[in-house]
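Participant: take a look and give me a structure for this.
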Amino acid sequence: MSSTRSSFPVHDVNAKTYGVTVPVLRSDDSERTAQLLGTVHTRRGRWNPFLPDNDMRPSEHGFSATVSLSGRGGRHGDGIYSLRFGVDHDLRKSWKFDLSTLDTAGKPTLVSGHDATRAHNLMFRVRESGEYRVDFDPVRRTYSIDPAPEYLTAIESVQLNGFVWDEESDFEKFDETRPGHRMRWDGTSWVTTVPLLRDGGISFRKDGVYQFLFSINQNEDWGFGADNEREGGLAGGTGFGSSGGRSVHSAITIRVLENGNYTFRLYPEDFRFSVSAEEGKQPPQRLNGIRSMQLLGSFYGRQIFDPRDPITEMQRTCDGWEKTVDVDAGVHVLNFALSNELFLDTMALGAWLADDGSGVLRGRAWHGKPNEPNVLLRVHEPTRVTVRYELATDEFSIESSVPSALEPIWKIETLELIGDMTGWEPNIMRRDGSFFTIDVALEAGTTYGYKYRANGLPWLWTFADYELDGYGKDLLTRNRDPLARDWQALREFGHLTTHGNPAAMTFTPEDTGVHRFFVDLETGLYGALPPRTIRLDRNCSSE
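Facilitator: Next comes the predicted model:
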């Protein structure tokens, strides 16, 4: 049966994306690859194991990469970086580090496969700015960084971050640097007590469901998420932006049934946690675990992204889940939910797999928040579609009963500014590679809300800043330097993400006149130049 409309162009397979395409990978690549992931990159996809942009180059003993690091770089501008390795663009082949077992050079030892769940990202500090060479040999199980940095392995503090802080803003909830998030060591565990509400938690639901993470030494990339295969178990090296991405790992999620004080305990050596209610109160429910899977999206004649809706339920199979749906023609969007709970982190699109001759759309799923797009495809005529999800590999397939009815969407052809300044009508931006600009006349003192969207799709591939990702301190579009693409700019001003359809950014000009809005989709950098600093041509240079 042939059920796809077109093949991926050869030049797009295993090619760099520069932030404007979804990766397209060979499905049975015989040539081994390795990926360097982490804050050693400033691109949006710094933790994306599917990006060929993150590929290391083959070397005499394995693979190597050269990165520019700074004593004022890294997530917090303190010279502290984090990384891990991937192999063959495969989530199951993640390589992390045992921070409690050091080799003769004082470096944490490598851990791979299933054991990588109970391991961490590599944390290290550089004092001198310059080029650093990273080598990785998955056969010999060795790695090195030259010049040698300071490897960080000691836990000095632990923070509880997430929606458990009901009174904080969305910019503050996951901020691991806030003093109030610190836990204390009581001799056996790290502990803190927090008031929770049966109608508290995630703001648009307020149903007592709380999602949270632990971080170490005020760095979320050195932290813990949930291990969905082990009750009360934790997965290491899974911060908000550095999630491992597999369905067996997600944010930690509980539901409280009564108002009260709840005590959180972390046992880092055991990769274990507990949450207990005060005396006389019902214990919280642990929601982590994979008991069912739901197909969310627009296959139902309307968009349904609530996994509690019975229509979204998939059926269990020997190796995963599947669902057959009659689908109308048009552009469609979908993702996969776990256990009827949106906040176990839906599985969205990591990469498309190049055609294998079967005529079935196939891809690799992950939750790489906040920079994973949903699965997008065009259905050219009404058809019956069967969607399958393989749990062990986190791969999915989409098969049509009508030949050539399905066409994958993976490339950004256009980017549009849509907002108050355009009457919420799309205005196509000028493009130079991954960089986009548009000139718009604005009135001084007027606050304009806006977002960006790709390919004219009706809010299906949307770019906006994201309050929870730790980048930026507001949505006020304060960056005026289109060349400021370093860590300090991203931390100060924020960056665009593709996670769902978040709130609009705003911009209040100080001057009346034509302003230039600019976007770099590779780094996520965005901002606006006032009229007195721009030339009104296709350049982005300031005078």
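
Participant: quick one: the strands in the stretch 51-200 of the chain?
Facilitator: 57-59, 62-69, 80-87, 90-102, 108-112, 122-125, 130-137, 142-146, 150-151, 158-162, 184-185, 190-196 (DSSP state E, counting those that start in this stretch).

Participant: so where does the residue lying farthest from the centre of the chain fall, helix or strand?
Facilitator: In the chain, residue 280 marks the outermost C-alpha relative to the chain mean, sitting 39.1 Å out by Cα atoms, centre = their mean. Under the criterion of DSSP states H and E, residue 280 resides outside all helices and strands.

Participant: list phi and psi for it.
Facilitator: Backbone geometry at residue 280, expressed as degrees, to the nearest 10, gives phi 90, psi -10.

Participant: that older thread, which one, of the strands of the stretch 51-200 of the chain, ends up nearest to residue 354?
Facilitator: strand 90-102 (15.1 Å; Cβ to Cβ). (Each C-beta comes from the backbone N, C-alpha and C, glycine too.)

Participant: pull the closest one out as PDB, backbone CA atoms only.
Facilitator: What follows is strand 90-102, C-alpha atoms only, in PDB (Å, rounded to 0.1, in the frame of the first residue of the first chain):
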ATOM      1  CA  ASP A  90      18.300   7.700  19.200                       C
ATOM      2  CA  LEU A  91      16.800   8.600  22.600                       C
ATOM      3  CA  ARG A  92      17.700   5.100  23.800                       C
ATOM      4  CA  LYS A  93      21.400   5.700  23.200                       C
ATOM      5  CA  SER A  94      21.800   8.600  25.600                       C
ATOM      6  CA  TRP A  95      25.200   8.800  27.400                       C
ATOM      7  CA  LYS A  96      25.300  10.500  30.800                       C
ATOM      8  CA  PHE A  97      27.600  10.500  33.800                       C
ATOM      9  CA  ASP A  98      27.900   8.900  37.200                       C
ATOM     10  CA  LEU A  99      28.900  11.900  39.400                       C
ATOM     11  CA  SER A 100      29.700   9.600  42.300                       C
ATOM     12  CA  THR A 101      32.200   7.500  40.400                       C
ATOM     13  CA  LEU A 102      35.300   9.300  39.200                       C
END
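
Participant: report all helices and strands that it contacts.
Facilitator: Applying 3 or more Cβ pairs under 8 Å, 6 or more residues apart in numbering; DSSP states H and E, we find strand 90-102 packed against strand 80-87, strand 108-112, strand 122-125.

Participant: any idea which of those gets closest to residue 138?
Facilitator: It is, among the helices and strands packed on strand 90-102 and with distance given as Cβ to Cβ, strand 80-87, at 5.6 Å.

Participant: out of the helices and strands in this protein, which is least certain?
Facilitator: helix 487-493 (a mean of 89; mean pLDDT, DSSP states H and E).

Participant: chain center to it, what's the gap?
Facilitator: Centroid separation for helix 487-493 versus its chain: 17 Å, with Cα atoms, centre = their mean, to the nearest Å.

Participant: do you know the pLDDT at the residue farthest from the centre of the chain?
Facilitator: On pLDDT, residue 280 comes in at 92.

Participant: low-confidence ranges in this structure?
Facilitator: For the chain, applying pLDDT under 70 flags the ranges 1-6, 29-30, 535-543.

Participant: run through the helices of it in chain order.
Facilitator: For the chain, applying DSSP state H gives helices covering 170-173, 487-493.

Participant: now tabulate those helices in CSV and tack on mean neighbour count.
Facilitator: Putting the helices of the chain into CSV (neighbours: other Cβ atoms under 10 Å) gives the following:
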stretch, mean neighbour count
helix 170-173, 18
helix 487-493, 18
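
Participant: out of those helices, flag the one nearest residue 134.
Facilitator: helix 487-493 (17.4 Å).

Participant: spatially central residue for the chain, please.
Facilitator: Residue closest to the chain centre, computed by Cα atoms, centre = their mean, is residue 369 at 2.2 Å.

Participant: how near is the residue nearest to it when sequence neighbours are not counted to residue 389?
Facilitator: Closest residue in space to residue 369, ignoring its immediate chain neighbours: residue 499 at 5.3 Å, by Cβ to Cβ, 6 or more residues apart in numbering. From residue 499 across to residue 389, the span is 20 Å (Cβ to Cβ, to the nearest Å).

Participant: likewise for residue 50?
Facilitator: 17 Å.

Participant: which one's more surrounded, those two?
Facilitator: A direct count of neighbours by other Cβ atoms under 10 Å for residue 50 and residue 389 places residue 50 higher, at 27 against 22.

Participant: nearest spatial neighbour of the more buried one, skipping sequence neighbours?
Facilitator: Closest to residue 50 by Cβ to Cβ, 6+ apart is residue 351, at 3.9 Å.

Participant: surely that neighbour is in contact with residue 365?
Facilitator: No - counting by Cβ atoms under 8 Å, residue 351 sits too far from residue 365 to count as a contact (9.0 Å).

Participant: please parse this structure into its domains.
Facilitator: Listed by automatic domain parsing, the domain ranges of the chain are 15-151, 158-286, 293-408, 415-533.

Participant: which of the ones you listed sits closest to residue 7?
Facilitator: Judged by Cβ to Cβ, the one of the domains of the chain that comes nearest to residue 7 is domain 293-408, at 4.7 Å.

Participant: circling back to that earlier point, closest to residue 427 out of the strands of the stretch 51-200 of the chain?
Facilitator: strand 62-69 (35.3 Å).

Participant: ends of stretch 285-296, how far apart?
Facilitator: End-to-end distance for stretch 285-296, by Cα to Cα, to the nearest Å: 24 Å.

Participant: quick check: buried residues in it?
Facilitator: Of the residues in stretch 285-296, 286, 287, 288, 289, 292, 293, 294, 295, 296 count as buried by neighbour count, 16 or more other Cβ atoms under 10 Å.

Participant: tell me the two of those that are most distant?
Facilitator: 286 and 295 (24.4 Å).

Participant: nearest spatial neighbour of residue 319, chain-adjacent residues omitted?
Facilitator: Going by Cβ to Cβ, 6+ apart, residue 319 has residue 390 as its nearest residue, at 5.3 Å.

Participant: can you count the residues close to the one you found?
Facilitator: 17.

Participant: that one pairs with what?
Facilitator: Beta-bridge pairing for residue 390 (DSSP bridges): residue 320, residue 395.

Participant: could you measure from it over to residue 94?
Facilitator: 18 Å.

Participant: CA atoms only for stretch 344-359, dumped as PDB, please.
Facilitator: Only the C-alpha atoms of stretch 344-359 are listed here, as PDB (Å, rounded to 0.1, in the frame of the first residue of the first chain):
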ATOM      1  CA  LEU A 344       3.200  14.100  32.200                       C
ATOM      2  CA  ASP A 345       4.600  15.800  29.100                       C
ATOM      3  CA  THR A 346       3.000  15.000  25.800                       C
ATOM      4  CA  MET A 347       5.200  13.300  23.200                       C
ATOM      5  CA  ALA A 348       5.500  15.500  20.100                       C
ATOM      6  CA  LEU A 349       7.700  15.500  17.000                       C
ATOM      7  CA  GLY A 350      11.400  15.000  17.300                       C
ATOM      8  CA  ALA A 351      12.200  13.900  13.700                       C
ATOM      9  CA  TRP A 352      10.600  12.500  10.600                       C
ATOM     10  CA  LEU A 353      12.100   9.300   9.300                       C
ATOM     11  CA  ALA A 354      12.900   9.300   5.500                       C
ATOM     12  CA  ASP A 355      10.700   7.100   3.400                       C
ATOM     13  CA  ASP A 356      11.400   3.400   3.700                       C
ATOM     14  CA  GLY A 357       9.300   2.300   0.700                       C
ATOM     15  CA  SER A 358       6.300   1.200   2.700                       C
ATOM     16  CA  GLY A 359       4.300   4.400   2.000                       C
END
